[in-house]
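Trainee: Just a sequence and a predicted model for now, questions to come.
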Amino acid sequence: MENKRGGWGSKIAFIFAAAGSAVGLGNIWRFPYQTGMNGGAAFVFVYLLAAFLIGLVVFLAEVSMGRRTKKNPVGAFKQLKPNSPWFLVGILGVFTAVMILSYYGVIAGWTVGYAFKALKGDFSQKLTESMVQNMFAGFSSNIGLNLILFSVFILMTVLVVSFGIKGGIEKLTKVLMPLLFLILIYLAAKAVLFEGAAKGLSFYLKPDFSKINSKVILFAITQAFFSLSLGMGTIMTYGSYISDEDFLPSSALWVVSLDTVVAIMAGLVIFPTLFTIPGMSPQQGPALVFIVLPVVFSKIPGGAFFGFLFFLLLVIAALTSTISLLEVPVAYLIDEKKWRRKKAALVVGMLAFMAGIPSILANVKGSYFSKLPLVKEDFLTLMDFLWGNLSLIFGGLLITIFVAYVWGADSAVKEITKNGRKFKFAGIWKLFIKYIVPAILFVILLSRIV
Ligand code: TRP
């Protein structure tokens, strides 16, 4: 099975690496703020359906394409449908990876900054709503500091990817992901016992089904794509390193479940705490967790220590995600353009860094990038919309259509069951990949563009 592209060391290694890609700021930063903006528990409910019905189906499609071809997304499309424009879907994925990396890295830089803040004792005092708001506003508009944090983060990503998937990614995720999980459990256990936490718990866990509307469904599905790293070939690329012995449905189910549990846990830390802070609204948007988490640490014993540890683990969770983003263009340049790994990682890392600078300026009040003409949004929000939303749904739709009708759903099932185990849900999976998922993604895309 070993070839010179390298492969995962074991079955569990793929699960860890893919979970490392999936678990990141998407779970701990994006999921809570999306939940807060979209009505709480109703959003969580729709999200669960989106992750396990749509996410899981697309996940399997991507992994099986990757393993079948053992190639990067561009090469995968080329191999399964030579001499056709389908490889452009792969190119879109490569480009999207660089664009997501550019703004994701900026937010990842914030987590580095907040780790130091915790260490400095910034969270070891009683914090009010205006204090945490000002703290975040001051921090995120500090251009010099953010440039440093962002470049440190990109550099770490480049370094790990330079060493290749075996040297870097596997080792990092195996130890640190379980640790992140443990500390999340601890913090959630503390948060649900804060005085006044009940209100937050009911906001987060007691769905008001009348709040489910097309917007909630749209954002929940988009969040599932983002959180599961779907729609641009990350999972395809990681799938290309899987051994033929692995049973893909169980690997896929593991990754989707782990990712979902981490997101749910993050909400269990954020929402009970949020409602204990006078004047705080769940509709903060992207700043939400950077405003609420300091309060969590200010309320628990040893908060400086736990704050530092938590943000450090979040840095690593984000790192295993940025690694998976960078790996897509790097695998493309190695396979298709015969670049050396180190050169590819460095060049793409630098591109992402330059593309990310406007996302830093987006947080400086009064700057051009903080309120773009025409769209009336800041640059970072626009990037997330274009690449973290539209492009993933569009890419996901095209991948689904390709697997269902061009490569063929039956060929995919053959790949899925290659190790000889029976895939009990093959019929349902085919139904979803052929009709239900493309129809839903198409409607979403249409409503987003209009
Ligand atoms: N899923 C990651 C997170 O939740 C981010 C990420 C990594 C990603 N690779 C991706 C998102 C590919 C979309 C596509 O933080």
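Mentor: Received the coordinates, thanks. Numbering: from 1, shown residues only.

Trainee: tell me the contacts of the residue in the stretch 1-150 of the chain positioned nearest to the ligand?
Mentor: Residue of the stretch 1-150 of the chain nearest the ligand, by CB to the nearest ligand atom: residue 26 (2.0 Å). To be clear about C-beta, it is placed using only N, CA and C from the backbone, and glycine gets the same treatment. Residue 26 makes contacts with 223, 226-227, 229, 263, 321, as judged by CB atoms under 8 Å, 6 or more residues apart in numbering.

Trainee: in the strand or helix carrying residue 335, what's buried?
Mentor: In the assignment (DSSP states H and E), residue 335 maps to helix 303-337. Within helix 303-337, the residues that count as buried by 16 or more other CB atoms under 10 Å are 303-304, 306-336.

Trainee: repeat for stretch 402-411
Mentor: 402-404, 407, 409.

Trainee: With stretch 232-251 instead?
Mentor: 232-243, 246-249, 251.

Trainee: among those residues, which are in reach of the ligand?
Mentor: Filtering the buried residues of stretch 232-251 for proximity to the ligand (criterion: CB under 6 Å from any ligand atom) leaves 232, 234.

Trainee: Name the residues of the stretch 51-200 of the chain found near the ligand, please.
Mentor: So the stretch 51-200 of the chain meets the ligand at residue 100 (CB under 6 Å from any ligand atom).

Trainee: what about the residue nearest to residue 215 when sequence neighbours are not counted, how many residues close to it?
Mentor: Nearest non-adjacent residue to residue 215, counting by CB to CB, 6 or more residues apart in numbering: residue 38, 7.0 Å away. By other CB atoms under 10 Å, the residues close to residue 38 number 24.

Trainee: Equivalent analysis for residue 82, please.
Mentor: The burial count for residue 82: 9, using other CB under 10 Å.

Trainee: Check residue 400 too.
Mentor: 26.

Trainee: from memory it sits against residue 437, does it?
Mentor: Yes - contact criterion CB atoms under 8 Å: residue 400 and residue 437 qualify, at 5.2 Å.

Trainee: shared neighbours of the two, which are they?
Mentor: residue 58.

Trainee: What about the ligand: which of the buried residues of helix 303-337 touch it?
Mentor: Answer for those near the ligand (CB under 6 Å from any ligand atom): 321, 324-325.

Trainee: Okay, the nearest residue to residue 303 once chain neighbours are set aside and the ligand: tell me how far apart.
Mentor: Nearest non-adjacent residue to residue 303, counting by CB to CB, 6+ apart: residue 297, 3.7 Å away. With distances taken as CB to the nearest ligand atom, to the nearest Å, residue 297 is found 22 Å from the ligand.

Trainee: any idea how far residue 297 lies from residue 66?
Mentor: Separation of residue 297 from residue 66 (CB to CB, to the nearest Å): 40 Å.

Trainee: got the buried residues for stretch 142-161?
Mentor: Applying 16+ other CB under 10 Å to stretch 142-161 flags 142, 145-147, 149-154, 156-161 as buried.

Trainee: So residue 277, which state does it fall into?
Mentor: Assigned with DSSP: H, G, I helix; E, B strand; the rest coil, residue 277 falls in the coil class.

Trainee: my read: it touches residue 295, true?
Mentor: Yes - with contact defined as CB under 8 Å, residue 277 counts as touching residue 295 (5.6 Å).

Trainee: any residues in contact with both of these two?
Mentor: In contact with both residue 277 and residue 295: residue 132, using CB under 8 Å, 6+ apart.

Trainee: ok, residue 309 - contacts?
Mentor: residue 183.

Trainee: Let's see that with 10 Å instead.
Mentor: For residue 309, the contact set (CB atoms under 10 Å, 6 or more residues apart in numbering) comprises 115, 118-119, 179-180, 183, 186, 297, 302.

Trainee: Also residue 380?
Mentor: 102-104, 106-107, 140, 286, 356, 358-363, 369-370.

Trainee: try residue 256
Mentor: Residue 256 is in contact with 18-19, 22, 51-52, 55-56, 59-60, 224, 227-228, 230, counting by CB under 10 Å, 6+ apart.

Trainee: got those residues as a markdown table, with neighbour count and distance to residue 443 columns?
Mentor: Output for the contacts of residue 256, formatted as a markdown table (neighbours: other CB atoms under 10 Å; distance: CB to CB, whole Å):
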| residue | neighbour count | distance to residue 443 |
| --- | --- | --- |
| 18 | 32 | 28 |
| 19 | 23 | 30 |
| 22 | 30 | 25 |
| 51 | 23 | 18 |
| 52 | 15 | 19 |
| 55 | 29 | 17 |
| 56 | 23 | 19 |
| 59 | 27 | 20 |
| 60 | 28 | 22 |
| 224 | 32 | 15 |
| 227 | 27 | 21 |
| 228 | 31 | 20 |
| 230 | 27 | 17 |
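
Trainee: Nearest spatial neighbour of the residue of the stretch 301-450 of the chain found nearest the ligand, chain-adjacent residues omitted?
Mentor: When distances are taken as CB to the nearest ligand atom, the stretch 301-450 of the chain reaches nearest to the ligand at residue 321, 4.0 Å away. Setting aside the residues directly before and after it, residue 321 is nearest to residue 24 in space (CB to CB, 6+ apart), at 3.2 Å.

Trainee: Dihedrals phi and psi, that neighbour?
Mentor: Per-residue torsions, residue 24: phi -170, psi -150 (degrees, to the nearest 10).

Trainee: number of nearby residues for it?
Mentor: Count around residue 24 with other CB under 10 Å applied: 30.

Trainee: returning to what we had before: buried only: go through the contacts of residue 309 for me.
Mentor: 115, 118-119, 180, 183, 297.

Trainee: Show me the residues you listed that map onto helices.
Mentor: 115, 118-119, 180, 183, 297 (DSSP state H).

Trainee: which one in the residues you listed is the model shakiest on?
Mentor: Within those, residue 180 has the lowest pLDDT, namely 88.

Trainee: That one reaches residue 317, doesn't it?
Mentor: Yes - with contact defined as CB atoms under 10 Å, residue 180 reaches residue 317; the gap is 5.6 Å.
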